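**Student:** Requesting a structural model of the entry that follows:
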Amino acid sequence: MAFARDTAEMIGLQAVAWLAANDELLPVFMGATGASEAEFRIGLEDPDFQGSVLDFLMMDDAWIVAFCDAAGLAYDVPMQVRAALPGGGQVHWT
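**Tutor:** As a prediction, this is how the structure comes out:
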């Protein structure tokens, strides 16, 4: 199922909000990306930032499962949403 851009952005915003509320994982994201609190707040509604949050969450199955369970989403939805956000297209190296 392909997601419309506005739906993808809504779910991307849910991912950002979930990450912001996760006291254990948020510092890991901040440390890995070098983002400041101000940059995090500014990026809330930025589709590029939402994509980076989804990329981060998809690095670990436990993180993506926890987000999907909290948001009531099927486990493959974040990958589909990521494809609909900027920079989410599949890379073809040939």
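
**Student:** Only C-alpha atoms from now on, for both contacts and neighbour counts.
**Tutor:** OK.

**Student:** And the next helix or strand past the worst-scoring helix or strand of the chain on mean pLDDT?
**Tutor:** When each helix and strand of the chain is scored by mean pLDDT, DSSP states H and E, helix 37-43 comes last, with a mean of 88. Sequence-wise, the next helix or strand downstream of helix 37-43 (DSSP states H and E) is helix 47-57.

**Student:** Mind giving me the packing neighbours of the helix or strand just after that following helix?
**Tutor:** Where DSSP H and E defines the elements, the next helix or strand beyond helix 47-57 is helix 61-71. Here helix 61-71 touches helix 5-21, going by 3 or more Cα pairs under 8 Å, 6 or more residues apart in numbering; DSSP states H and E.

**Student:** hmm, 6 Å instead?
**Tutor:** Packing contacts for helix 61-71, counted by 3 or more Cα pairs under 6 Å, 6 or more residues apart in numbering; DSSP states H and E, involve no helix or strand.

**Student:** Need the contact partners of it.
**Tutor:** Outside helix 61-71, the residues that touch it by Cα atoms under 6 Å, 6 or more residues apart in numbering are 57-58, 75.

**Student:** so whatever helix or strand comes next after that helix versus helix 61-71, what angle?
**Tutor:** Later in the chain than helix 61-71, the nearest helix or strand by DSSP H and E is helix 77-84. Relative orientation of helix 77-84 and helix 61-71, computed by axes from the mean of the first three to the mean of the last three Cα atoms, to 10 degrees: 90 degrees.

**Student:** Would you mind listing the buried residues in helix 77-84?
**Tutor:** For helix 77-84, the neighbour count (16 or more other Cα atoms under 10 Å) marks 77-78, 81-84 as buried.

**Student:** what does stretch 4-19 give?
**Tutor:** For stretch 4-19, the neighbour count (16+ other Cα under 10 Å) marks 8-9, 11-16, 18-19 as buried.
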